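In: Starting from these lines, generate the structure:
(3 chains)
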Amino acid sequence: MAYWLMKSEPDELSIQDLARLGEARWDGVRNYQARNFLRAMAVGDLFFFYHSSCPEPGIAGIARISAAAYPDQTALDPQSHYFDAKASAQKNPWSAVDVAHVETFGKVLGLGYLKLQAALAEMPLVQKGSRLSVMPVTAEQWAAVLALR
DNA sequence: GCCAACGTTGGC
DNA sequence: GCCAACGTTGGC
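Out: Just a heads-up that it's a prediction; the model follows:
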């Protein structure tokens, strides 16, 4: 089983939303590196749910991959914010996964706090200029974050 | 294949 | 709202 971290704007989908829904679709990823990580995910993999572009950016909880990557239909929908004119049903470069709620942390582990952790220094999340929205997490990093809860 | 211009991300 | 950093686009 692998570990990951994925960013979501809480206005779009927050860990609280996911807790209420139980399960949700994770779509709209439009970066090839992030997409490749999505495609590498297996059912049962766990990920840190990160809140971005909000008053309190940070890791807000844990969720689980409940369906492996499949074509992201939002790329084909002209009404969607994530519409990609170059995508077609025959050739859709974008992928989505389904996710299920596992745990909402009692407090958000803020980005500034995470940056102080030596064990997390290698994570793209805390590196200057990194905008990657889906990234792998090592078992060591996973344990280090869990210890901060 | 280079690289300038532009668009996007995301913290602050 | 600002802006740094990065990715993508498109002219040449």
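
In: Which positions in chain A make contact with DNA strand B?
Out: Within reach of DNA strand B by CB under 7 Å from any atom of the strand, chain A has these residues: A:7, A:30, A:52-54, A:57, A:111-112, A:131-133. Any C-beta I mention is one placed from the backbone N, CA and C, and that applies to glycine too.

In: Pull out the buried residues from the residues you listed.
Out: When the residues of chain A next to DNA strand B are checked for burial by 16 or more other CB atoms under 10 Å, the buried set is A:7, A:52, A:57, A:111, A:132-133.

In: circling back to that earlier point, mark which of the residues of chain A next to DNA strand B are part of helices, please.
Out: A:111-112 (DSSP state H).

In: could you pick out which of the residues of chain A next to DNA strand B are near DNA strand C?
Out: A:Arg131.

In: So which of the residues of chain A next to DNA strand B belong to strands?
Out: A:Lys7 (DSSP state E).

In: Just flag the most distant two among the residues of chain A next to DNA strand B.
Out: Distances among the residues of chain A next to DNA strand B were taken as CB to CB; the most separated pair is A:Arg30 and A:Gly112, at 27.5 Å.

In: on that earlier part again, reformat the residues of chain A next to DNA strand B into TSV and put pLDDT and distance to A:Ala24 next to each item.
Out: Shown next, in TSV, are these (pLDDT from 0 to 100; distance: CB to CB, whole Å):
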residue	pLDDT	distance to A:Ala24
A:Lys7	97	15
A:Arg30	94	18
A:Ser52	96	16
A:Ser53	93	18
A:Cys54	94	17
A:Pro57	96	20
A:Leu111	96	23
A:Gly112	95	28
A:Arg131	91	22
A:Leu132	94	21
A:Ser133	96	16
